[in-house]
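Asks: here is my input, please return the structure:
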Amino acid sequence: MKNLISAIDNLVPTILNQNMITNTDIELLKDTFATKEDLQQMKSDLLDKLDSVLKEILASREEETILSHRVSDHEDRITKLESN
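Replies: Reported below is the predicted structural model:
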C-alpha cells in the first residue's frame with residue numbers, strides 16, 4: 001500500500017506539469033489574441049470615427065432642410081409671379 005501511495009505521489013507532479021500552462025504558453029497566447037486593452041482601444045477608435053461620420057450626416061441633413069425650404073420659397077414666388 002505504501003508503494004502504491006509513493007508511486008501516486010511521484011506521478012502527480014508529472015501529470016500536473018504536463019497539463020499546466022507555462023509562462024511561455026501565456027506569452028504566445030498574448031501575442032496571438034487581442035487583450036482587453038486592445039479591444040477597448042479598438043472600440044474607442046471606432047467610436048471616434050463614427051462620431052465624425054455622424055456629425056457630417058447631421059450637418060448634411062440640416063443643409064438639406066435649409067435648401068429644401070429655400071426651394072419651396074422659390075417655387076411659391078415663381079407660382080405667384082406666373083399667376084399675375
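Asks: which stretches of this protein have low pLDDT?
Replies: Along the chain, segments meeting pLDDT under 70 span 1, 11-19.
Asks: in it, which helix is the longest?
Replies: helix 36-83 (DSSP state H).
Asks: and it, how far out from the chain middle?
Replies: In terms of Cα atoms, centre = their mean, to the nearest Å, the centre of helix 36-83 is set 24 Å apart from its chain centre.
Asks: which strands and helices sit next to that helix?
Replies: Counting contacts by 3 or more Cβ pairs under 8 Å, 6 or more residues apart in numbering; DSSP states H and E, helix 36-83 packs against no other helix or strand. (Each C-beta comes from the backbone N, C-alpha and C, glycine too.)
Asks: residue 78: neighbouring residues, count only.
Replies: Residues contacting residue 78 under the criterion other Cβ atoms under 10 Å number 10.
Asks: and it, how far from residue 64?
Replies: Distance, residue 78 to residue 64, by Cβ to Cβ, to the nearest Å: 21 Å.
Asks: likewise residue 45?
Replies: In this view, residue 45 and residue 64 are 29 Å apart by Cβ to Cβ.
Asks: same question, residue 75
Replies: Taking Cβ to Cβ, one finds residue 75 at 16 Å from residue 64.
Asks: same question for residue 4.
Replies: For residue 4, the distance to residue 64 equals 85 Å [Cβ to Cβ].
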